[in-house]
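>>> quick check, what structure comes out for this input:
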Amino acid sequence: MLNTAKSILQLLFIASTIVVSSKEKPKETLAETESEQPNIVFILSDDQSWTDYGFMGDENIETPRLDQFASESLTFTHGYVPTPLCSPSLASIITGLNPKDHGILGNDKVYERMEDRKESRKNRKESYRSIIKQFEQRTTLPEMLEEKGYLSFQTGKWWHGNHKVGGFDYGMTHGDPKRGGRHGDYGLEIGRKGLDSINNYLNLALKENKPFFLWYAPFLPHRPQNPPKRLSNKYLKKTDSEHLAKYWAMCEWFDETCGELFDMFDEKGLTGNTLFVYLCDNGWAQDPEKSDYLKNSKRAPYDMGIRTPIMYKWAGKIKPKVDTETIVSSIDMVPTVLDVLNMEKPENLPGISVLDEEKLTQRDGVFGEVYAQWTFSRLIK
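Residues are numbered from 1 along each chain as shown. The predicted structure follows:
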């Protein structure tokens, strides 16, 4: 019962499972085999509806940099994530696995709630350690790229402890519960407080003359909705709802940070040999009456919770095209990167390369899972 007629909802054991079907068309692929190793950049927005971009038809929100990016990319307007919640969704993006396989089913493990709020928070942090320990057993994209000599950098949202748990060489997130580590800590400053850390990482990669993988997952347009005043004032002229105005402003603020990132790559001469991939980790529909989301969006198995445009840009290598029919998933991102690098795909990965026309044509649908925000971890040996 997704919003599109091409999608249906089924139950999978204790979780809701989403099955999305479509009539597929062959995709454009790389024109020829390339021996050079491109830099890889994953750009992830956080809590944004698939509709909330200029290139997706929104008439209120202005996203000029992402609009341009979409026109330069292989853009799938029917992209999906396997779950409408950030922690398991991000785990799927970095591993290429579905939640049932990587074991991260919710944001926090179920813990004993106590009357003392301070003790309750402490118990929550401690209970998450077992999930992080389990996640360390999964193989992540940064670890796969080590084979090709890549450096890897983490910025922004990161749920699973220290950035090194994800196989990153360098990162902003320490993940220490005693210092407030939960879902990004210092990493959440990226974008909102500039891109200085990314600039330093890029300079390091240039100095060492190595290809790199960059994880740019700013806490945008996620709450707190505190956009620059110039943007909130701009959107207050478009609506009587302060909550809508702030959310729309947050979307444009995120777009501006993407522009800063693209400009930085241009200035350093990195754009031509960089594969950029964009998507949102899960959906959102702003409640106009309060600072909250409508219940058919985030955490819900509907298009407003799981659908996102997914875009791949590699200038001169991937032919730009807006595909409005083919359904793809975030679990395809890792196989696509491996395809670009001519690396063998691990047998346990369920996704496919979006550059493989034959496999895209043969695909019948994609799957997903919906669990509670507070959940027991699925222990996988």
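>>> now residue 222: which helix or strand?
For residue 222, there is no enclosing helix or strand under DSSP states H and E.
>>> for it, phi and psi?
Note on residue 222: backbone dihedrals following degrees, to the nearest 10 are phi -50, psi 150.
>>> low-confidence ranges, the stretch 101-250 of the chain, go.
Under the criterion pLDDT under 70, the flagged ranges of the stretch 101-250 of the chain are 108-128.
>>> can we see that at 50?
Counting by pLDDT under 50, the stretch 101-250 of the chain contains low-confidence residues at 110-114, 120.
>>> what ranges do the strands span in it?
For the stretch 101-250 of the chain, the strands defined by DSSP state E, counting those that start in this stretch cover 108-109, 151-156, 170-171, 212-217.
>>> gap between the two ends of stretch 92-104?
Start-to-end span of stretch 92-104 (C-alpha to C-alpha, to the nearest Å) is 9 Å.
>>> to residue 187, which of the strands of the stretch 101-250 of the chain lies closest?
Across those, residue 187 has its closest neighbour in strand 151-156 (5.1 Å, C-beta to C-beta). The C-beta positions use only the backbone N, C-alpha and C, and glycine is treated the same way.
>>> could you give the angle of the closest one to strand 212-217?
10 degrees (axes from the mean of the first three to the mean of the last three C-alpha atoms, to 10 degrees).
>>> other SSEs contacting strand 151-156?
Counting contacts by 3 or more C-beta pairs under 8 Å, 6 or more residues apart in numbering; DSSP states H and E, strand 151-156 is packed against strand 170-171, helix 196-208, strand 212-217.
>>> which residues are in contact with it?
Identification of contacts with strand 151-156 by C-beta atoms under 8 Å, 6 or more residues apart in numbering yields 44, 46, 142, 145, 163, 166-173, 184, 187-188, 190-191, 197-198, 201, 204-205, 208, 210-219.
>>> which residues of the stretch 201-350 of the chain fall in helices?
229-236, 242-267, 303-306, 333-340 (DSSP state H, counting those that start in this stretch).
>>> can you put those in a markdown table and add mean neighbour count?
Shown next, in a markdown table, are those (neighbours: other C-beta atoms under 10 Å):
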| stretch | mean neighbour count |
| --- | --- |
| helix 229-236 | 16 |
| helix 242-267 | 21 |
| helix 303-306 | 27 |
| helix 333-340 | 22 |
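>>> save the ones you listed as TSV, and put in distance to residue 131 too.
Shown next, in TSV, are the helices of the stretch 201-350 of the chain (distance: least, C-beta to C-beta, whole Å):
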stretch	distance to residue 131
helix 229-236	36
helix 242-267	28
helix 303-306	22
helix 333-340	21
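>>> may I see the strands of the stretch 101-250 of the chain organised as JSON lines, with mean neighbour count added?
Shown next, in JSON lines, are the strands of the stretch 101-250 of the chain (neighbours: other C-beta under 10 Å):
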{"stretch": "strand 108-109", "mean neighbour count": "19"}
{"stretch": "strand 151-156", "mean neighbour count": "26"}
{"stretch": "strand 170-171", "mean neighbour count": "20"}
{"stretch": "strand 212-217", "mean neighbour count": "26"}
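>>> to residue 38, which of these lies closest?
That would be strand 212-217 among those, by C-beta to C-beta, at 10.0 Å.
>>> number of nearby residues for residue 207?
Residues near residue 207, counting by other C-beta atoms under 10 Å, number 8.
>>> what's the distance between it and residue 164?
Relative to residue 164, residue 207 is positioned 21 Å away (C-beta to C-beta, to the nearest Å).
>>> again with residue 285
Residue 285 is 35 Å from residue 164, by C-beta to C-beta.
>>> what of residue 144?
Taking C-beta to C-beta, one finds residue 144 at 15 Å from residue 164.
>>> who's more crowded, those two?
residue 144 (22 against 16).
>>> return the residues in contact with that one.
For residue 144, the contacting residues are 334, 338, 343, 346, by C-beta under 8 Å, 6+ apart.
>>> what does residue 160 give?
87, 91, 104, 131-132, 135, 166, 175.
>>> okay, and the beta partners of residue 275?
When bridges are called by DSSP bridges, residue 275 pairs up with residue 40.
>>> burial of it, as a residue count?
If we define neighbours as other C-beta under 10 Å, then residue 275 has 21 of them.
>>> next: residue 176.
Around residue 176 there are 13 residues (other C-beta under 10 Å).
>>> kindly report the same for residue 271.
Neighbours of residue 271 under the rule other C-beta under 10 Å: 17.
>>> same thing with residue 332?
Using other C-beta under 10 Å, residue 332 has 29 neighbouring residues.
>>> the closest residue in space to it that isn't next to it in sequence and residue 104: what is the separation?
Leaving out its chain neighbours, the residue that sits closest to residue 332 by C-beta to C-beta, 6 or more residues apart in numbering is residue 351, at 4.1 Å. Distance from residue 351 to residue 104, counting by C-beta to C-beta: 17 Å.
>>> those two: which has the busier surroundings?
Shown here are residue 351 and residue 104; by other C-beta under 10 Å, residue 104 has more neighbours (30 against 24).
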